[in-house]
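Novice: Following is a predicted model, sequence given first.
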Amino acid sequence: MKKNTAIRHAIADHLRANIPDQPAPDGSGVWVKSVFPTFLVLDAEQETPAILVYFDDGTRDDRYSDMPERYEGNLFVSVYLDGTASDDDIDDIGEAIKDLLPIGVRFPDVVTLSRSGFTYERSPDNSYRALHINHQYYWE
C-alpha cells in the first residue's frame, strides 16, 4: 500500500506548491492554511481553510494478469472551510483544484487521475462546510 502513500503525497505536494497558504495582502485570492495527504478530523476554527487528499477504496486492475499489480478506485480531494464561509468561497478553492488537477492529469510513474464528480457537505451544527471532489485513479 506504499503506492497509495506516494499518490497522496504527490497530489498534496502539487496542491501545496500551487495554492498560497495565506491571502494576498489585500485579502483577496484563493488560499488554504494546510494541505494534508490523509483524512483527519479538523478544528474548523483553527485549521481551515484546508484540503485533505485521501482514498476510500481501490480495486485490483486485473485486465492484464501478466502485468504488475495495479489498482484503480476513488480518491478524494476535499476542501474544508468553517461554517461561516459561503458556497462561493468553497467554489473558488474547488475551481483552483480543478485547474491544478485537470481531467486526465498524470503524475508520471505514480498515478493518473480523472475527475468523476463532487459532493457538498454542510455540518448539522454549521461548524464547517466541505466540497469533496471525486477522482477515479489508476496506478502507474
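Specialist: In hand now; what should we look at?

Novice: hey, let's count contacts and neighbours off CA atoms from now on
Specialist: Will do.

Novice: out of everything not next to it in sequence, what's closest to the residue sitting nearest the centre point of the chain?
Specialist: For the chain, the residue nearest the mean C-alpha position is Val77 (1.7 Å; C-alpha atoms, centre = their mean). Once flanking residues are discounted, Val77 sits nearest to Val53: 4.6 Å by C-alpha to C-alpha, 6 or more residues apart in numbering.

Novice: can you tell me which residues contact the one you found?
Specialist: Contact analysis of Val53 by C-alpha atoms under 8 Å, 6 or more residues apart in numbering lists Arg8, Ile11, Ala12, Val35, Phe36, Pro37, Thr38, Phe39, Leu75, Phe76, Val77, Ser78.

Novice: okay, now His132: neighbour count?
Specialist: His132: 20 surrounding residues under other C-alpha atoms under 10 Å.

Novice: now the helices for the protein?
Specialist: 2-18, 44-47, 87-100 (DSSP state H).

Novice: Turn those helices into JSON lines, including mean pLDDT.
Specialist: Shown next, in JSON lines, are these (pLDDT from 0 to 100):
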{"stretch": "helix 2-18", "mean pLDDT": "96"}
{"stretch": "helix 44-47", "mean pLDDT": "89"}
{"stretch": "helix 87-100", "mean pLDDT": "96"}
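
Novice: So which of those helices is nearest Asp57?
Specialist: Nearest to Asp57 among the helices of the chain is helix 2-18 (10.6 Å), distances taken as C-alpha to C-alpha.

Novice: buried stuff in that closest one?
Specialist: Across helix 2-18, burial judged by 16 or more other C-alpha atoms under 10 Å covers Asn4, Ile7, Arg8, His9, Ala10, Ile11, Ala12, Leu15, Arg16.

Novice: and these, which two are the farthest apart?
Specialist: Pairwise over the buried residues of helix 2-18, using C-alpha to C-alpha, the maximum falls at Asn4 and Arg16, 18.0 Å.
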